[in-house]
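Enquirer: Build the 3D model from these lines:
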Amino acid sequence: MATSEAVLQVFCGAVPRLCSTDSCFSKCDPIFSSKYQLKCRKRRVSRYMQLLSCSGMQRSRIGNYRFRGIGSGLFGNMTVGDSWIQSCKCQQAESISGATTEDENGTWFVDSAKKLNTINNMVNAPNALEFQDVQQLKQEKEGLSPNGTNGTVRDAFHKISVDSLEDEAWDRLRESMVYYCGSPVGTIAANDPTSSNVLNYDQVFIRDFIPSGIAFLLKGEYDIVRNFILHTLQLQSWEKTMDCHSPGQGLMPASFKVRTVPLDGDESATEEVLDPDFGEAAIGRVAPVDSGLWWIILLRAYGKCSGDLSVQERVDVQTGIKMILRLCLADGFDMFPTLLVTDGSCMIDRRMGIHGHPLEIQSLFYSALLCAREMLAPEDGSIDLIRALNNRLVALSFHIREYYWVDLKKLNEIYRYKTEEYSYDAVNKFNIYPDQISSWLVEWMPNKGGYLIGNLQPAHMDFRFFSLGNLWSVVSSIATTDQSHAILDLIESKWGDLVADMPFKICYPALEGQEWQIITGSDPKNTPWSYHNAGSWPTLLWQLTVASIKMNRPEIAAKAVEVAEKRISRDKWPEYYDTKRGRFIGKQARLFQTWSIAGYLVAKLLLADPSKAKILTTEEDSELVNAFSCMISANPRRKRGQKNLKQTYIV
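Expert: Residues are numbered from 1 along each chain as shown. Sure, this is the predicted structure:
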């Protein structure tokens with residue numbers, strides 16, 4: 001009876017609001033704000049640490065590049081001359097937040113009706129109803145209800161549990177926000193109160209912040225994303241060194257941390273500085289290749305969602321885009337249009353056998369090229385860069401679609417490959433030996449569906465299914481429309497392997513036995529079906545959602561979100577899950593992992609308003625399609641002396 005009364009109180013609004021959440025950017029306490037009214041000053045760049053003070057480093061012009069400072073306010077308008085100095089008054093950035101648009105396309109899976117105010121934010125309260133408690137009450141109420149009312153009660157309880165889950169996620173996301181000079185600039189990687197060894201999880205990672213930034217954009221809270229974009233731009237590599245070697249100009253840091261340090265010459269006063277990490281402190285000491293690519297993608301999403309194009313039009317932002325492009329498009333010994341990178345330079349940041357041309361980097365590279373081309377201002381200095389960009393787009397799309405794709409038909413073709421072919425019209429261009437086809441793949445490949453392999457090098461095809469690379473290939477349109485649908489077909493066909501009890505497998509299958517020992521170096525964190533070695537990562541929900549919506553198949557993402565909601569809050573939002581079906585929380589997984597929380601929120605927001613996915617997707621234009629068609633129809637038996645046009649890349 002007591003249980004029944006408790007249930008009635010819930011529906012009648014009798015449950016008190018135990019905790020509340022302010023808007024994302026509340027005004028700072030005057031005492032707190034005045035503490036950071038610091039005068040700008042130039043700070044010395046040491047060999048091993050580059051500190052960007054809260055006022056911003058003063059930078060000078062060098063050649064065609066110029067170093068940047070932060071404008072008045074937090075990021076004011078800038079006047080660029082031959083030499084200039086700007087200062088930061090450490091003031092709160094002017095808000096440009098706006099209300100989100102109305103749902104024009106209806107709601108997929110998520111009920112966008114007004115939430116019950118009596119339940120908001122109650123998950124974090126000590127006496128609040130938790131998810132499992134609501135489920136228990138639901139079962140008891142069903143037993144007490146007369147016939148014909150069970151469905152209504154069940155739906156109401158489901159809505160309460162989902163709403164409270166989203167409220168908890170927003171509370172957790174906002175608790176992870178990092179402030180610099182009184183303004184939000186990012187979110188830390190994890191906010192696990194049970195862990196005393198934080199390592200670098202208390203830093204703001206560029207790749208980790210992407211789902212957080214998208215969530216804030218979709219919520220209409222733009223300031224934190226704008227601040228993040230402009231502050232990380234100030235950290236872009238110019239003089240950073242690591243073991244006497246300098247990373248290429250344009251490299252974005254993997255992460256940064258806000259530190260409080262004494263003022264020069266005055267130990268009693270302090271100032272805030274941004275301390276970037278370009279990989280020299282990371283495990284494996286590998287520079288991040290994907291940070292700059294994600295930065296460009298987020299910059300475009302910010303402009304499309306907020307309508308504020310002034311950020312991408314700024315001189316310093318335009319220069320930052322060009323520096324990233326020049327770094328990626330630089331000539332080298334590699335003959336392929338794909339980017340050659342080392343192990344550990346992307347989301348899989350430990351040794352996992354992805355050295356070479358991993359699909360994840362190629363799909364992000366293609367997406368960043370399209371986004372950059374859309375944002376670059378037309379000027380004389382950009383003509384050569386845009387020409388190189390267009391050439392690379394054509395060659396890269398052909399290369400990935402033609403040589404990375406595998407389905408049952410292509411697998412049978414590889415099975416019958418002839419080797420040691422020498423000619424321009426060779427079928428087996430990379431001298432792939434048929435014995436490389438793994439026994440697991442022969443049984444695993446469905447009759448309907450296919451995917452893009454993880455890596456391709458001479459005499460080597462990595463047949464593992466890498467989720468982020470395949471999903472972003474759909475989002476970026478580096479995969480054809482037919483290939484994109486086939487990738488989603490494969491996900492549906494292999495649901496038990498890729499989603500199972502917790503979405504989504506980072507790769508499939510796991511490296512085991514001697515193969516695991518050789519390829520990972522016997523990495524104890526990457527044991528089979530754990531962490532990067534085929535663990536399940538809830539943050540991949542948002543990429544799955546964007547890909548599904550783009551192909552007009554949102555029910556796939558909705559089903560995966562429903563699976564995640566059964567456990568993710570109860571398990572305290574872990575970083576990853578272990579075992580083949582994702583049944584256990586990862587053995588070394590951090591709890592309250594920010595991008596697990598943000599990935600869930602982005603998936604819910606996009607399913608509620610699928611039209612918003614357009615801020616992330618890119619489409620091929622007619623020029624690319626025509627160029628690709630010409631390459632397909634061209635005669636492959638051309639000889640060196642007969643080529644009329646200079647061919648930049650091998651295709």
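Enquirer: Spit out the contact partners of the closest residue to L408 other than its chain neighbours.
Expert: In space, and not counting its chain neighbours, L408 is closest to M445: 5.4 Å by C-beta to C-beta, 6 or more residues apart in numbering. Yep, even glycine has a C-beta here, placed from its N, CA and C like the rest. M445 makes contact with 406-408, 411, according to C-beta atoms under 8 Å, 6 or more residues apart in numbering.
Enquirer: will you turn those residues into a markdown table that also has distance to L327, neighbour count and secondary structure?
Expert: Formatted as a markdown table, the contacts of M445 follow (distance: C-beta to C-beta, whole Å; neighbours: other C-beta atoms under 10 Å; DSSP: H, G, I helix; E, B strand; the rest coil):
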| residue | distance to L327 | neighbour count | secondary structure |
| --- | --- | --- | --- |
| V406 | 31 | 20 | strand |
| D407 | 34 | 20 | strand |
| L408 | 39 | 14 | helix |
| L411 | 36 | 15 | helix |
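Enquirer: Take those and lay them out in CSV including distance to I361 and pLDDT.
Expert: Below are the contacts of M445 laid out as CSV (distance: C-beta to C-beta, whole Å; pLDDT from 0 to 100):
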residue, distance to I361, pLDDT
V406, 19, 97
D407, 23, 97
L408, 27, 96
L411, 24, 95
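Enquirer: Could you single out the nearest of these to I518?
Expert: When the contacts of M445 are ranked by distance to I518 (C-beta to C-beta), V406 comes first, at 23.4 Å.
Enquirer: My read is that that closest one contacts G450, right?
Expert: Yes. The pair V406 / G450 is scored as a contact, 6.0 Å apart, by C-beta atoms under 8 Å.
Enquirer: where do the helices sit along the stretch 201-350 of the chain?
Expert: For the stretch 201-350 of the chain, the helices defined by DSSP state H, counting those that start in this stretch occupy 206-218, 223-234, 290-306, 310-313, 315-329.
Enquirer: what's the most buried one of those?
Expert: helix 206-218 (a mean of 26; mean count of other C-beta atoms under 10 Å).
Enquirer: and it, what's its mean pLDDT?
Expert: For helix 206-218, the mean pLDDT works out to 98.
Enquirer: Restrict that helix to CA atoms and write it as PDB.
Expert: Output of helix 206-218 as PDB, limited to C-alpha atoms (Å, rounded to 0.1, in the frame of the first residue of the first chain):
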ATOM      1  CA  ILE A 206      40.000  17.800 -28.100                       C
ATOM      2  CA  ARG A 207      38.600  14.500 -29.400                       C
ATOM      3  CA  ASP A 208      36.700  13.800 -26.100                       C
ATOM      4  CA  PHE A 209      35.200  17.300 -26.100                       C
ATOM      5  CA  ILE A 210      33.600  16.800 -29.600                       C
ATOM      6  CA  PRO A 211      30.400  15.100 -28.300                       C
ATOM      7  CA  SER A 212      30.200  17.500 -25.400                       C
ATOM      8  CA  GLY A 213      30.500  20.400 -27.800                       C
ATOM      9  CA  ILE A 214      27.800  19.000 -30.100                       C
ATOM     10  CA  ALA A 215      25.500  18.400 -27.100                       C
ATOM     11  CA  PHE A 216      25.900  22.100 -26.100                       C
ATOM     12  CA  LEU A 217      25.300  23.200 -29.700                       C
ATOM     13  CA  LEU A 218      22.100  21.200 -30.000                       C
END
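Enquirer: What helices and strands are in contact with that helix?
Expert: Applying 3 or more C-beta pairs under 8 Å, 6 or more residues apart in numbering; DSSP states H and E, we find helix 206-218 packed against strand 183-187, helix 223-234, helix 290-306, helix 594-608.
Enquirer: Switch these over to CSV; also include mean pLDDT.
Expert: Output for those, formatted as CSV (pLDDT from 0 to 100):
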stretch, mean pLDDT
strand 183-187, 97
helix 223-234, 97
helix 290-306, 97
helix 594-608, 98
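Enquirer: mind putting those in a markdown table, distance to E623 included?
Expert: As requested, these are arranged in a markdown table below (distance: least, C-beta to C-beta, whole Å):
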| stretch | distance to E623 |
| --- | --- |
| strand 183-187 | 37 |
| helix 223-234 | 29 |
| helix 290-306 | 19 |
| helix 594-608 | 29 |
